[in-house]
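Asks: Sequence and predicted structure, then a few things I'm wondering about:
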Amino acid sequence: MDVARIARHASAHRGVFAQPFLDTVGVDPSRAAHEVRAGRWIRIHEGVFAMAGTPDSFGLRAEAALAAIPTAALGLRAAATVHRVEACGSGLDLVVPPGGRNRLEGVRIHQAPLPDHHVNVRSGWRVTNIERTLVDLGKVESSTVQQRCIEDAVIDRRTTMARIEAMFGEVATRGRPGIARTRTVLSRLDPEPPTESELEAMFLRAVRRRSLAVPQTQARFDWLLAGAGRVDFWYPDERVIVELDGRRFHLRAAAFESDRRRDLLALTHGIQTVRITHRQLTTETTVVMSALKQVLRDRQLQAQRCP
């Protein structure tokens, strides 16, 4: 047994080494069990070990938990610790894809979908990104603590309310623990929006400042609500609709499905819809206008290729 190599590996992994690594140095499970019985190693989880006398720490426990369940990610309070989000309670939380392992000693397992774009690698660990972390905290923290965490992250410019709201829209399924609390917190943080006419004027000013084509306003279509519905802005040559959303967050969340149905209906007529919220228009103007410019350019090129 290459004791020096095992020690180097443990040193590089916060004191932890697991059976897949031990297999590469010729240590099978029976030999690992012998080392545990002899008091030279300690077993943290099945197939996950540390040298006897290794000090307990958050890093040790996080490393061991992820070694035990490699498909998981640190989430909730554990992810908040990694992201340095203050004022959250302590705890080692793992988010595990549905159908995965649901028990691990000393660890709180949360089974939930875990798309790749919800996961970052921080400090060598798989961890839910800051937006997913802030939304998920609604499951384990009070609304006061969750709101403080969100406010601190936004004030420090580590994320934006628009990104947090977009994440909420992805994960907010009915009956999911913590969603009602998070919805309440986000609604509380949502400022009073401008009137519809003020929001439209803001958009047109942004369009003109960036020398984009000025769209038609208040366009109507026979296929939209039997001709009774209208859209905010219409680019007929590019066949692009722009809809501005000045609703409060709780109203946007409630109307999410109906808005998407309208977008799908537009697609059946070869029309793309771009939706822009008041918050995006006021805090991410450059990003929004750049994205709109790119959409219009792509649609023009598409029209030229397919006359």
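Replies: Now that the structure is in, tell me what you want to look at. Everything numeric here is computed off the predicted structure, so don't read it as measured data.
Asks: Which of the three states applies to the residue most central in space within the chain?
Replies: The residue lying closest to the centre of the chain (Cα atoms, centre = their mean) is R132, at 3.6 Å. Here R132 takes the helix state, with states given by DSSP: H, G, I helix; E, B strand; the rest coil.
Asks: dump the residue contacts of it.
Replies: R132 makes contact with 75, 79, 118, 167, 171, according to Cβ atoms under 8 Å, 6 or more residues apart in numbering. For the C-beta atoms, the positions are set from N, CA and C on the backbone; glycine is no exception.
Asks: For those, give me a markdown table that also has secondary structure.
Replies: Converted to a markdown table, the contacts of R132 look like this (three-state DSSP):
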| residue | secondary structure |
| --- | --- |
| G75 | strand |
| A79 | helix |
| H118 | helix |
| M167 | helix |
| V171 | helix |
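Asks: which of these sit farthest apart?
Replies: Comparing every pair within these by Cβ to Cβ identifies A79 and V171 as the most remote, at 13.9 Å.
Asks: Between these two, which has more neighbouring residues?
Replies: Set side by side, A79 and V171 show more neighbours around A79, with 30 against 18, by other Cβ atoms under 10 Å.
Asks: about what we covered before: closest to S258 among the contacts of R132?
Replies: V171 (19.4 Å).
Asks: isn't that closest one right up against V135?
Replies: Yes - here V171 lies in contact with V135, judged by Cβ atoms under 8 Å, at a distance of 6.1 Å.
Asks: Give me the pLDDT for the residue lying closest to G91 once chain neighbours are set aside.
Replies: Ranked by Cβ to Cβ, 6 or more residues apart in numbering and with sequence neighbours excluded, the top spatial neighbour of G91 is R77, at 4.3 Å. R77 is assigned a pLDDT of 94 by the prediction.
Asks: cool, and S258?
Replies: Reported pLDDT at S258 in the predicted model: 84.
Asks: Equivalent analysis for S11, please.
Replies: 94.
Asks: and it, that's in a helix?
Replies: Yes - assessed with three-state DSSP, S11 lies in a helix.
Asks: Count the neighbours of it for me.
Replies: The number of residues packed near S11 is 11, by other Cβ under 10 Å.
Asks: Quick check: it vs R188, distance?
Replies: 46 Å (Cβ to Cβ, to the nearest Å).
Asks: what do you get for V154?
Replies: 13 Å.
Asks: Then A219?
Replies: Computed with Cβ to Cβ, the distance linking A219 and R188 is 35 Å.
Asks: neighbour-wise, which of these two wins?
Replies: More crowded of A219 and R188, by other Cβ under 10 Å: A219, with 15 against 12.
Asks: Secondary structure class of the more buried one, three-state.
Replies: strand.
Asks: Would you confirm that it contacts V231?
Replies: Yes - when contacts are counted by Cβ under 8 Å, A219 is listed as touching V231 (5.4 Å).
Asks: shared neighbours of these two, anything?
Replies: I241.
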